[in-house]
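> Structure for the following, please:
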Amino acid sequence: MKTIACLAACMAALSVAAPARAAGDYVSIVQETEINAPAATAWSRLKGYCDIGAWLKAPCEITSGKDGELGAVRKIANRIEEVIVAVTPMSYTYADVDTKILYHGTVEIRPVDNAKSKLVYTLFFDQTSIPAEQRDANRTRRQQMFAGVMATMKTIAEAK
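Numbers count the residues shown, from 1 in each chain. The predicted structure is shown next:
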């Protein structure tokens, strides 16, 4: 009798469990560029959470929390909201607060030597919501956009 009751309880629990989500189609875009400035100098010029406004040539504002701290929320171009989900001494990782698309990005400076550093920008996203026939073009567009962002960041980090 206990076995039947246990099986019934297990079946009831399974019937109210959330349906399984389809596997994602995850993409990583990692772009790197050498910076002709020490890491501390480069990071001091790129670490502002809304510095992305200058990189994208779009308005950006901190809408919640404190710039550069875990949990800070920014709004880019009056429509994209992102939250800081991780911070290190020379990096931060952000995620979109809109759950329709899973993505996050990391901006990081790595020391190379006393005079040079490396800027690494990583974008990770689930392209499941993008029609299959548009995924390659979408990835290429993002790579090109972030290549432009990286060039702008490099200029800012190396400014005298």
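> tell me the SS of the residue lying closest to residue 91 once chain neighbours are set aside?
In this structure, residue 91 finds its nearest non-sequential neighbour in residue 108, 3.7 Å apart by Cβ to Cβ, 6 or more residues apart in numbering. (Each C-beta comes from the backbone N, C-alpha and C, glycine too.) At residue 108 the chain is in strand, as set by DSSP: H, G, I helix; E, B strand; the rest coil.
> who does residue 108 bridge with?
Residues in a beta bridge with residue 108, per DSSP bridges, are residue 91, residue 120.
> Quick one: residues contacting it.
Contact partners of residue 108, counting by Cβ atoms under 8 Å, 6 or more residues apart in numbering, are 88, 90-91, 119-122.
> Quick check: it vs residue 46, distance?
Per Cβ to Cβ, to the nearest Å, residue 108 is found 10 Å from residue 46.
> Find residues that contact each of the two.
residue 119.
> Residue 75: how many residues sit nearby?
Neighbourhood size, residue 75 [other Cβ atoms under 10 Å]: 17.
> I'd guessed it sits against residue 64; true?
No. Counting by Cβ atoms under 8 Å, residue 75 sits too far from residue 64 to count as a contact (9.3 Å).
> hey, what's in contact with both of the two?
Common neighbours of residue 75 and residue 64, counting by Cβ under 8 Å, 6+ apart, are absent.
> Show me the beta-bridge partners of residue 126.
Bridge pairing for residue 126 - DSSP bridges - gives residue 26.
> For the spatially most central residue of the chain, give me its contacts.
Note on the chain: the residue nearest the mean C-alpha position is residue 105, at 1.7 Å, using Cα atoms, centre = their mean. Going by Cβ under 8 Å, 6+ apart, residue 105 touches 93-94, 121-124.
> repeat that with 10 Å
Applying Cβ atoms under 10 Å, 6 or more residues apart in numbering to residue 105 gives the contacts 29, 52, 82, 92-96, 121-125, 146.
> That one - that's part of a helix, no?
No. According to three-state DSSP, residue 105 belongs to no helix; its state is strand.
> how far away is it from residue 145?
As judged by Cβ to Cβ, residue 105 and residue 145 stand 12 Å apart.
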